[in-house]
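K.L.:
okay, predicted coordinates and the sequence, questions at the end:
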Amino acid sequence: MAPASQPAATAQASRPASHAASASKTSARHSTQPSWRELSAADQQALTPLAGKWDALSVAQKRKWLALSHNFPKMSVAEQEKLHSRMSEWAALSPEQRSEARLNFGETRKLSPDDKKAKWEAYQALSPEEKRKLAEVAPKPPATAVAVKPVPPDKLTAVPRSKPVARTARISAGPGKVDHNTLLPQPAAPSASAPVR
């Protein structure tokens, strides 16, 4: 009896290990390359605020952050601190908040620098109560993201209009009889007035 119970115990002991292995494979499938561990020390230093969320970012997001990190060593200490604080703020936003931030950025790009400065100073002069009221009446962003920069009309392709197709008979019976076996017209029978050659 002991030998029979031993394989059953071994099978049960191996189940959690195989389950853990499949769970790690699943999480590995969801992460994109490069992983945090694969980054250089300089990139890790530049992207420190994103360390906890790095492996969950998409490939496109990682590319953008890596491109930004290449300038990090050339920045002053104040600029590096500012970049890290902005990264932390961005990483803390929900996807909806990020979408709203992108829309707001697109709108503010349309303003001249003087208009931006004047509007920002006017906002900063408001009391906390006035800022809260302003936030309550502000229009909510649409549920779907709108293109930040519309496509110019000259870049759009015109959809061709379909032309009416004239339907013509593919088989013409012609002046003679039709052979019903082939559906091809047969030459006309010679008429009595026409001489036969």
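P.N.:
Okay, I see it.
K.L.:
what's the burial count for residue 98?
P.N.:
13 (other CB atoms under 10 Å). The way it works is simple: take the backbone N, C-alpha and C, and place the C-beta from them, glycine included.
K.L.:
same question but for residue 73, I mixed them up
P.N.:
If you count neighbours by other CB under 10 Å, residue 73 ends up with 10.
K.L.:
contacts only, for it.
P.N.:
Going by CB atoms under 8 Å, 6 or more residues apart in numbering, residue 73 touches 42, 46.
K.L.:
ok, now how distant is it from residue 105?
P.N.:
Residue 73 is 26 Å from residue 105, where distance means CB to CB, to the nearest Å.
K.L.:
could you do residue 60 as well?
P.N.:
Where residue 105 is concerned, residue 60 sits at a distance of 17 Å (CB to CB).
K.L.:
how about residue 96?
P.N.:
Taking CB to CB as the measure, residue 96 falls 15 Å from residue 105.
K.L.:
before we move on, what's the pLDDT of residue 81?
P.N.:
Confidence at residue 81, expressed as pLDDT, is 91.
K.L.:
do the same with residue 175
P.N.:
55.
K.L.:
residue 68: neighbour count?
P.N.:
13.
K.L.:
could you chop this protein up by domain?
P.N.:
32-92, 94-149 (automatic domain parsing).
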